[in-house]
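[1] Attaching a predicted model along with its sequence, questions to come.
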Amino acid sequence: ILVNKPFSEITESDINYSISVNYKAPFRTIQLTLNKMNSDSHIVNITTMGAVQGSVKFPGLAAYSSSKTGIVILTELLAQEFNETQPRINCVALGAVQTEMLEEAFPGYEAPISANQMAEHLYSFGLTGHHFQNGKIIQLSLSTP
């Protein structure tokens, strides 16, 4: 969920909603489905480039980017916590992808990647990426607005 407003206008409700959707929901989904997965499974978390240290940050996205940062750390921690019978886990940090959320955050900006193109890439990565890496934060960004 995107909260796009100046820091001084962000409410506690905005923060709670953002954290609930962007952090707690993936956290609980992993917990609730873990017993259905094995060492051949692959969890792919999705975050934003705004949650990656050293990347460009944009005004108005404090609640959104902060809530997505938790997924980055969760991915790294679970890669260490899971044993050899449990799934591998990675996190993909997306840059600009042409979606409704991008249009809301950056009206008029045209991303170099379509939602369908990114979906195809993520599908392929979900099927094979865990054979090559675990606990990694993969940055996928041709541009950030």
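    Looks like it arrived, so ask away.

[2] What pLDDT does the model give the residue nearest the centre of the chain?
    Closest to where the C-alpha atoms of the chain average out (CA atoms, centre = their mean) is Thr47, at 1.6 Å. We have a pLDDT of 97 for Thr47.

[3] OK, contacts around it?
    Taking CB atoms under 8 Å, 6 or more residues apart in numbering, we find Thr47 in contact with Lys68, Thr69, Ile71, Val72, Cys91, Val92, Ala93, Leu94, Ile137. (Each C-beta comes from the backbone N, C-alpha and C, glycine too.)

[4] quick one: the nearest residue to Asn22 once chain neighbours are set aside from Cys91, how far?
    Sequence neighbours aside, Ser67 is the residue nearest to Asn22 in space, at 3.9 Å (criterion: CB to CB, 6 or more residues apart in numbering). Distance, Ser67 to Cys91, by CB to CB, to the nearest Å: 14 Å.

[5] now do Lys57
    The value you get for Lys57 to Cys91, if CB to CB is used, is 18 Å.

[6] Between these two, point out the one with more neighbours.
    Legend: neighbour count by other CB atoms under 10 Å for Lys57 and Cys91, higher for Cys91 (26 against 13).

[7] Remind me which helix or strand that one belongs to.
    In this assignment (DSSP states H and E), Cys91 forms part of strand 88-94.

[8] go on, Thr29?
    Following DSSP H and E, one finds Thr29 within helix 25-33.

[9] Buried residues of that helix, list them for me.
    By neighbour count with 16 or more other CB atoms under 10 Å, helix 25-33 contains the buried residues Pro26, Ile30.

[10] Which strands and helices lie in contact with it?
    Where contact means 3 or more CB pairs under 8 Å, 6 or more residues apart in numbering; DSSP states H and E, helix 25-33 is packed against helix 62-81.

[11] State the mean pLDDT of the helix it packs on.
    Rounded mean pLDDT across helix 62-81 is 97.

[12] tell me what the helix or strand bottoming out on mean pLDDT in the chain is packed against?
    Using mean pLDDT, DSSP states H and E, the weakest-scoring helix or strand in the chain turns out to be helix 100-105, at a mean of 92. For helix 100-105, not one helix or strand is in contact under the criterion 3+ CB pairs under 8 Å, 6+ apart.
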